[in-house]
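S.K.: Have a look at this fold, sequence not included:
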């Protein structure tokens, strides 16, 4: 359904619903996956796309990729690759043959089928940030997060219309033992939202636990034939994949679940200090992992991923919102489409320490670039600041609204009332005004996006209201959302089975502050 | 010269210059006009462009445009338009014939020829905001501006590499009588910078004063054949042009100076509440003024303009950074190119009351949209906040750096070292690092943009440095810039002649708080 259609459905509801909206009560119904109505920003000619492709294939053939994992090395030998020690040299013919079986599109299933998402090609979904070791809380205090904090983020993700997933460990629940966290995180994602979610890949065994819980939630057989949970596997750029990530990848692929194959780019530190060559290396890395997903299970879904930053040569720190990151996003989009594989990027990244203007510039620059680039899986779409070191509640709700605005923009131009509105131009005539015209009355709610978290009032009005900056306003909204939150229904037997699984596994796994590869 | 060429020139300078840059000393040399190296975002099909064109021409023929100005009405009659009272009905054939003589490109001359700017087609220039009745000063205090404050903004504009103009009344000098302001403003623009500048259009007579001062600066004859100063004329949407603006327009056009023909759109209030129809109306308005410039003087340069906002239907306030503004920018770019006329838009608009994250999101969203839309004259590129009610010094310097980043992005991908950098991938190999590699050493300064005003250090480092948010850091930089400012040389005789002109006119014009249409 397009935005316009959603708006029309709202308008048609009329009565109490319409009045509530006029009062400004929050809409919490999920927007459909974005269906792109704008052209793509494609800065490379076809020849330049082929040049990147050729360079990446040269790297795969001649330099090779290290797979630090005995199982993967055996798999690659069987698949016909030239394996020398840990280094796998991949012939371009083999790579092309393997990636050809990756589905270009699929449906990503949620436990509530109304929240299922078409995935790939001209569809995009927004997924919150994950992995923050700190949060900025409801009082804007920076501190270590708890499982209760994580639950709050899952609730906010559930209520934000433009977020299509509750993700997984948006923040790290520091009050849980490391070895148990993946269980508590997964249960929280599933319970607090009936949107799609992400699966932990912190170890192969943890990934297996996620698969077991997904099987309880969706049924073993359904899981086998339907993508229901995404997992991320980071590469160690340049050109290395490690045992933890590859083992987690196998856990997902064997059950037919989509993995994001994500080279982790700190441009200039682990790539050449140049945009196009950095993309060529990243592309080689992504291709090697995408190809491996098809060695594990031919035809299983997989996603071309990456994490992108450029590194300040003054301080060595990763930067966000820089021109080269935008350019790389445009280029990677072209490469993913060249291979007909859906792709993931990162969104609304901030490097600021607080939710100040720096965070705003960085986030909006990234969001606009990502929208132009046409990414399918738009991760880290809410909350990311301090280069991922903290998730800010204030930023989380603002970013979520920004995604709704981007959703509207990238849906494209609505021509449905063109002739009708031109008749209004004739009615109103030179020097007139439109506010009272019937066309305006009928269309004002859906015509122009009105962000709730931006203050556009006059200065005096703003002062009279307490001179609140956006952080204060956003935290107020977050509190109100958490107060109004209603947990989505989950079948009682399923809920009990999930709890039983988590309880059993927590008994089995020693409660230690280390990952549990062996349990 | 491309960015890469500028960077290379810097690198070649070596020695003291290079060391100074490594210490992070500010670069103040002006960047060349942006020469676009990215594709354009063009969301309309050719058929849709023609649909907007046809709708606009229908409006011009059937509804007509009000010219509240006896001279213009006489001009239009002579030009063959159907004039009924104040309403001018413009035949599409006449409009097309008139706008056909507007130059698609020209050179905009600065008093320092090194700062001349190629204008139109795939070139863009960044011009600071203007017209703010308040400023946020070097202590972030909101107050009424003085002529000394305006001088500070002219100095900052002069020193910011990505700003191509000192503009005119960036802030309103409230310590000057209204009737004298245009003289003091123009003198300040000219003296404090040798970049291009803007001419006041607050009345026809004021515009004549600007022309006289431009003639003193450049020579009467030079002026006649070279664009040296731009003037803006706002429309009163819907479909009205008033005497003040039209008189000022004539002052500029008669001297062959380019006028920005800018409908002033508050979407939903003075246009239909719908994106495409609002563009159709705006397009009709812009065409009517563009056509009139050619009635005044055939072949004189003119610029398709607009000011764009959408209006919140909750509060009536203008909004910035909304999805529909981005879409309208993309569409207007297509229309201007359809007519082969250079075009102007507005940049980095904020509606926030302080330089908080809202301002950052709004500004970066607008900047990215404008870069994708391919505007030639990118006005309001630094300082605009509170819907134009104040110019913020902190935001001014941050916006200017953002423009430099956008300049880099829109210049496109540099392929010059592609093969060389791929050799580095082979050298470094899997698991290696690039920081010590000769390619990195040779390229790190120009490879990835390093914003000075974004803090990307670790949290602990930032705390140790005083936990400064971007506003504090930016104000520190602004103070340092003003301390280091050096006034660009101006021929003494010219300076004296300008001063004499201003002195004489100030004696002639009564010092009153009203505009001086009669002197």
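M.R.: Okay, I see it. Quantities reported herein were computed from a predicted structural model and do not represent experimental measurements.
S.K.: check contacts around the closest residue to residue A:435 other than its chain neighbours.
M.R.: Nearest non-adjacent residue to residue A:435, counting by Cβ to Cβ, 6 or more residues apart in numbering or on different chains: residue B:269, 5.8 Å away. Where C-beta positions appear, they are placed from N, C-alpha and C, glycine not excepted. Counting by Cβ atoms under 8 Å, 6 or more residues apart in numbering or on different chains, residue B:269 touches A:433, A:434, A:435, B:311, B:316.
S.K.: Could you check the pLDDT of residue B:269?
M.R.: Looking at residue B:269, its pLDDT is 95.
S.K.: Please identify the residues of the stretch 51-200 of chain A in proximity to chain B?
M.R.: Counting by Cβ under 8 Å from any Cβ of the partner chain, the residues of the stretch 51-200 of chain A close to chain B are A:51, A:55, A:58, A:59, A:62, A:63, A:64, A:65, A:66, A:87, A:142.
S.K.: Any idea how many residues pack against the fourth one?
M.R.: Neighbour count of residue A:59, defined by other Cβ atoms under 10 Å in any protein chain shown: 26.
S.K.: is it true that it touches residue A:281?
M.R.: Yes: using Cβ atoms under 8 Å, residue A:59 is in contact with residue A:281, at 6.6 Å.
S.K.: if we can go back for a sec, quick check: the residue nearest to residue A:435 vs residue A:424, distance?
M.R.: Distance of residue B:269 to residue A:424, computed by Cβ to Cβ, to the nearest Å: 13 Å.
S.K.: so what sits against both of these two?
M.R.: If you check residue B:269 and residue A:424 against Cβ under 8 Å, 6+ apart, the residues they both contact are residue A:434.
S.K.: related to what we said a few turns ago, common neighbours of residue A:59 and residue A:281, please.
M.R.: With Cβ under 8 Å, 6+ apart as the test, residue A:59 and residue A:281 both reach A:239, B:425.
S.K.: Flag the shaky bits of the stretch 151-300 of chain A, pLDDT-wise.
M.R.: Nowhere does the stretch 151-300 of chain A drop to pLDDT under 70.
S.K.: Now name the helix or strand holding the residue of the stretch 351-500 of chain A found nearest chain B.
M.R.: For the stretch 351-500 of chain A, the residue closest to chain B is residue A:360, as judged by Cβ to the nearest Cβ, at 2.2 Å. According to DSSP states H and E, residue A:360 maps onto helix A:357-373.
S.K.: Could you check the angle that helix makes with helix B:357-373?
M.R.: 30 degrees (axes from the mean of the first three to the mean of the last three Cα atoms, to 10 degrees).
S.K.: which residues in the stretch 1-150 of chain A form helices?
M.R.: Assigned by DSSP state H, counting those that start in this stretch, the stretch 1-150 of chain A shows helices spanning A:3-13, A:15-23, A:46-58, A:70-79, A:92-99, A:147-159.
S.K.: what stretches of the stretch 1-150 of chain A score poorly on pLDDT?
M.R.: Where the stretch 1-150 of chain A drops to pLDDT under 70, the residues are A:1-25.
S.K.: if we can go back for a sec, which members of the contacts of residue B:269 are positioned in strands?
M.R.: residue B:311 (DSSP state E).
S.K.: Contact residues of the stretch 201-350 of chain A facing chain B?
M.R.: Contacts of the stretch 201-350 of chain A with chain B, taken as Cβ under 8 Å from any Cβ, map to A:236, A:238-240, A:267-278, A:280-281, A:310-324, A:326-327, A:330-331.
S.K.: Any of these buried? List them.
M.R.: Neighbour counting over those (16 or more other Cβ atoms under 10 Å in any protein chain shown) leaves A:236, A:238-240, A:267-278, A:280-281, A:310-313, A:317-324, A:326-327, A:330-331 as the buried ones.
S.K.: Count the residues that sit near the residue lying closest to residue A:40 once chain neighbours are set aside.
M.R.: With Cβ to Cβ, 6+ apart as the criterion, residue A:40 has its nearest non-adjacent residue at 4.6 Å, and that residue is residue A:374. Neighbour count for residue A:374, taken as other Cβ under 10 Å: 27.
S.K.: got the buried residues for whichever strand or helix holds residue A:249?
M.R.: If you go by DSSP H and E, residue A:249 is part of helix A:243-254. For helix A:243-254, burial by neighbour count (16+ other Cβ under 10 Å) applies to A:243, A:244, A:245, A:246, A:247, A:248, A:249, A:250, A:251, A:252, A:253.
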